[in-house]
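# Here is my input, please return the structure:
(chains A and B)
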Amino acid sequence: MVAITLPDGSVREFDGSVTGQQLAESIGPGLAKAAVLVNVNGEEWDLTRPITTDTEVSIITRDAPEALELLRHDCAHVLAQAVQELFPGTQITFGPSTENGFYYDFHREEPFSTDDFDAIEKKMKEIVDRDDAIVREVWDRDDAVAYFKEQGESFKAEWVGELPEGEDLTIYRQGDNWLDLCRGPHLPSTGKLGKAFKLMKLAGAYWRGDASNPQLQRIYGTCWRTEKELKAYLTQLEEAEKRDHRKLGREMDLFHMQEEAMGSIFWHPKGWALYRSVEAYMRKRLDAAGYHEVKTPQLVDRKLWEASGHWDKFRESMFIAEVDEIDEREQDRKMLALKPMNCPCHVQIFKQGITSYRDLPYRMAEFGSCHRYEPHGALHGLMRVRGFTQDDAHIFCTEDQIVSETEIFCDLLKSVYKDFGFEEIMVKFSDRPEKRAGTDETWDKAEKALIEATEAAGLPYTLNPGEGAFYGPKLEFVLRDAIGRDWQCGTLQVDFVLPERLDAHFVAEDGDKHRPVMLHRAILGSFERFLGILIEQFAGKFPLWMSPTQVTVATITDAAQDYAVEVADLLKKAGLRVETDLRNEKINYKVREHSMKKVPLIFVVGGREAEERTVAIRRLGGKAQEILSLDEALKKVAEEAKMPS
RNA sequence: GCCGCGGUAGCUCAGGGGUAGAGCACGUCAUUGGUAAUGACGGGGCCGGCGGUUCAAUUCCGCCCCGCGGCACCA
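Down below sits the predicted model:
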């Protein structure tokens, strides 16, 4: 007898053993049909796997969140089977589920093409129609290695061969003779998968994620419970595409890029206005938070980079300038590098006279223009560039000040993100890596301080074990945008190493020289990337305070021209970014054009307004007009356009 | 850097071994209007670059460059 306890507390008894499927059938035919998995004592099991001991079991149906992951994983297997049926000789490797679907990595001499997708999808649907049974089998490791070798599956054989000896592993048999090593669980048969899937992309991927390994061909797909969900997802992708900052950047005339300056941005007047708003806002916040803004050199001799350790570690990704002069030490041409970071330069300023413990914590900020020679394939619009500006700052403090400084920083960061409309913030905490500098005691102290401060700031965090920088633990701040995508922007890193390497010190209360700790921190990360995120966050419809053009004054007839110019001048005097549209066009045409350019406010002026000294305000996205006297309008708009503080 | 796909007018894209196409944008003229497209006419192209095949290449082939999607990288 085996006694199964269900989530409602009821107990059902069976002779000998029972499978999840049988259990579901015993409860009702509807449940039996909807069931895809069982949760046995917290573990996900196949429906067909016999349960032999008394235990707690819940049945997972197709609409549960866990089911979606299962469907996607199964879909990856069906893809693999379809590909092998269509393209014999193709080797299978791995195929997990992903956030919106799945992928499978294949090895095949000939490249796949997206033109093959139709045929593969057709074959996949055929496999679903065949409703092949999916059977879990437990194999001996060596038998599995032998099997995959015999099948010519060298990648799979390599992987299985590295599993611990003597350990049983699970093989899933899909149909009569298609096998894959897999932890499972899986659906009982391919028919349960349904057909709400679609192959999306083709890409290269390295075997085991290592660039020195052979490259595999990865096929990406998306998979959902129903056709309706699939369609909704595809629509959402189209939405995201419409917000693409590269597309909006062109349409709204914000910036462009070109070959001659790959990875660097040409900011156009509109884009630069946007940039300047964000910069002015940040400057105001940093000033208020007690930061001292500085500006340090772009080009710095290699000597400093050697001292900081960058020359050793990052020489390949630094832009080097050689000059026609001999370096006295190297007997070689003198070399300077465009700074890839600001920290070594900030230490130089620190060393020029911040000598007392009374000066600490010292918060040194710079909108630091940096250059890194990023790999060609990594470049991506504003998001990954070679020339960028960090909202960088370094806080020089004592170890005792780490907690309070972190806490103050977290509050500032939260408040800044909120002003940009990001309310959902997550933190990743990365602790000591294998290879590190500094003593264990110092690490203990730093890690404890960081955790403590994060908790005090009320931010939820996840652990990222072993992912800290070699010089100290770090926090990474991730924000979620309007359409649910996550972006890592802010960071705070504790550094014991650089002050040492560059010999920074202060005089403490005891009269002795001490090393300061450096906290590297950024809120936006880089202006370029953050602006890219903002463009997508707002889909180009920026809040009034940062909008490139805040008001367009548009005339209805030529008779209102003088008045329109007067209105625009007054708006400019009130500190607004204003344009006029005096063209000989119909007001419909003008309204449409400025609306499409995403100008937040259109002031429409015709004969009536000129006569009465009023303006008709039309807000972006709205249909109503608001008629105000010129004085009222100026006051109101100037107030609305104030940046948050 | 690696894999796959692309590159035709300012933008979006069609075409295809023999004078290069559309829509939008742009310009000129007419129209002076009341809140998301007034009409007519017009100018625009080394069909990414270099080589090859061919009587003839934007079209076919090779190499390179750039873009896009991933992978790897991201102090």
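
# quick one: A:L79 is in a helix?
Yes. A:L79: assigned to a helix according to DSSP: H, G, I helix; E, B strand; the rest coil.

# give me the beta-bridge partners of the nearest residue to it once chain neighbours are set aside?
Excluding the flanking residues, the one nearest A:L79 by C-beta to C-beta, 6 or more residues apart in numbering is A:Y104, at 5.1 Å. Glycine gets a C-beta too; all of them are placed from N, C-alpha and C. Listed beta-bridge partners, A:Y104: A:I219 (assigned using DSSP bridges).

# Could you do A:L336 as well?
Beta-bridge partners for A:L336, by DSSP bridges, are A:D301, A:A321.

# Do you know the pLDDT at it?
Note on A:L336: pLDDT of 94.

# and it, how many neighbours does it have?
Here the count is done by other C-beta atoms under 10 Å, and A:L336 has 19 residues near it.

# so what's it up against?
A:L299, A:V300, A:D301, A:R302, A:I320, A:A321, A:V323 (C-beta atoms under 8 Å, 6 or more residues apart in numbering).

# pretty sure the residue nearest to A:L79 is touching A:A80, no?
Yes. Contact criterion C-beta atoms under 8 Å: A:Y104 and A:A80 qualify, at 5.0 Å.

# Contact partners for the residue of chain A found nearest RNA strand B?
At 2.0 Å from RNA strand B, A:G377 is the closest residue in chain A, using C-beta to the nearest atom of the strand. Shown in contact with A:G377 (C-beta under 8 Å, 6+ apart): no residues.

# my guess is it is in a helix, correct?
Yes. The assignment for A:G377 by three-state DSSP puts it in a helix.

# quick one: pLDDT of it?
Looking at A:G377, its pLDDT stands at 91.

# Point out where chain A drops to low pLDDT.
A:330 (pLDDT under 70).

# Need the phi and psi values for A:V591.
Main-chain torsions, A:V591, degrees, to the nearest 10: phi -60, psi -40.

# wait, I meant A:K247
phi -70, psi -50.

# which SSE is the closest residue to it other than its chain neighbours in?
Among residues not flanking A:K247 along the chain, A:E241 sits closest, at 7.5 Å (C-beta to C-beta, 6+ apart). Taking DSSP states H and E as the definition, A:E241 sits inside helix A:227-243.

# how about that helix, does it reach RNA strand B?
No. Contact of helix A:227-243 with RNA strand B (C-beta under 7 Å from any atom of the strand) is absent, the minimum separation being 8.8 Å.

# looking at the contacts of A:L336, which has the most residues close by?
A:R302 (21 neighbours).

# what's the spacing between the residue nearest to A:L79 and A:F87?
With distances taken as C-beta to C-beta, to the nearest Å, A:Y104 is found 13 Å from A:F87.

# Which strand residues bridge the residue nearest the centre of chain A?
By C-alpha atoms, centre = their mean, chain A has its centre lying nearest to A:W487, at 3.2 Å. In this entry, A:W487 is beta-bridged to A:L479, by DSSP bridges.

# Could you pull up the residues touching it?
By C-beta under 8 Å, 6+ apart, the residues touching A:W487 are A:V478, A:L479, A:R480, A:D481, A:I533.

# Quick check: the last one touching A:D481?
Yes. At 6.5 Å, A:I533 and A:D481 qualify as touching, with contact defined as C-beta under 8 Å.

# what does the stretch 301-450 of chain A put close to RNA strand B?
Within the stretch 301-450 of chain A, the positions lying close to RNA strand B (C-beta under 7 Å from any atom of the strand) are A:310, A:313-314, A:317-318, A:340-341, A:372, A:374-381, A:384.

# need the helices for the stretch 51-200 of chain A, in chain order.
In the stretch 51-200 of chain A, the segments counted as helices under DSSP state H, counting those that start in this stretch are A:65-86, A:117-130, A:141-150, A:154-161.

# in the third one, what counts as buried?
By that I understand helix A:141-150. The neighbour-count check on helix A:141-150 (16 or more other C-beta atoms under 10 Å) flags A:R141, A:A144, A:V145, A:Y147, A:F148 as buried.

# Need these in TSV (columns: distance to RNA strand B).
Shown next, in TSV, are the buried residues of helix A:141-150 (distance: C-beta to the nearest atom of the strand, whole Å):
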residue	distance to RNA strand B
A:R141	26
A:A144	25
A:V145	25
A:Y147	28
A:F148	23
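
# who's the closest residue to A:E626 other than its chain neighbours bridged to?
Nearest residue to A:E626, sequence neighbours excluded (C-beta to C-beta, 6+ apart): A:I617, at 4.6 Å. A:I617 has these beta-bridge partners by DSSP bridges: A:F603, A:E626.

# ok, back up a step: please say which of A:I533 and A:D481 ends up with more neighbours.
Neighbour totals were compared for A:I533 and A:D481, and A:I533 leads with 22 against 18 (other C-beta under 10 Å).

# tell me the contacts of the more buried one?
A:H245, A:M383, A:D481, A:W487, A:C489.

# after the helix or strand that contains it, next one along is what?
Using DSSP H and E, A:I533 sits within helix A:527-538. For helix A:527-538, the succeeding helix or strand toward the C-terminus, using DSSP H and E, is strand A:551-555.

# For the helix or strand following that following strand, buried residues please.
Reading on from strand A:551-555 to the C-terminus, the next helix or strand found by DSSP H and E is helix A:561-573. Using 16+ other C-beta under 10 Å as the burial criterion, the residues of helix A:561-573 that qualify are A:Y563, A:A564, A:V567, A:A568, A:L570, A:L571.

# The second one touches A:L582, doesn't it?
Yes. Counting by C-beta under 8 Å, A:L582 is a contact partner of A:A564 at 6.2 Å.

# Mutual contacts of these two, please.
In contact with both A:A564 and A:L582: A:T555, using C-beta under 8 Å, 6+ apart.

# Stretch A:380-391: end-to-end distance?
Taking C-alpha to C-alpha, to the nearest Å, the first and last residues of stretch A:380-391 lie 20 Å apart.

# Can you tell me what sits against it?
Residues from elsewhere that reach stretch A:380-391, judged by C-beta under 8 Å, 6+ apart: A:244-246, A:249, A:255, A:257, A:261-265, A:282, A:286, A:319, A:342, A:365-374, A:378-379, A:522-533, A:535.

# any idea how far the closest residue to A:D558 other than its chain neighbours is from A:G606?
Closest residue in space to A:D558, ignoring its immediate chain neighbours: A:N584 at 6.9 Å, by C-beta to C-beta, 6+ apart. From A:N584 across to A:G606, the span is 14 Å (C-beta to C-beta).

# Give me the more crowded residue out of the two.
A:G606 (17 against 7).

# Which elements pack onto the helix or strand harbouring A:L412?
Taking DSSP H and E as the criterion, A:L412 maps to helix A:402-419. Packing partners of helix A:402-419 (3 or more C-beta pairs under 8 Å, 6 or more residues apart in numbering; DSSP states H and E): helix A:269-288, strand A:387-397, strand A:425-430, helix A:440-456, strand A:474-480, strand A:486-495, strand A:517-526.

# Distance to A:L216 for the ones you listed - can I get that in TSV?
Converted to TSV, these look like this (distance: least, C-beta to C-beta, whole Å):
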stretch	distance to A:L216
helix A:269-288	40
strand A:387-397	32
strand A:425-430	29
helix A:440-456	38
strand A:474-480	29
strand A:486-495	27
strand A:517-526	32
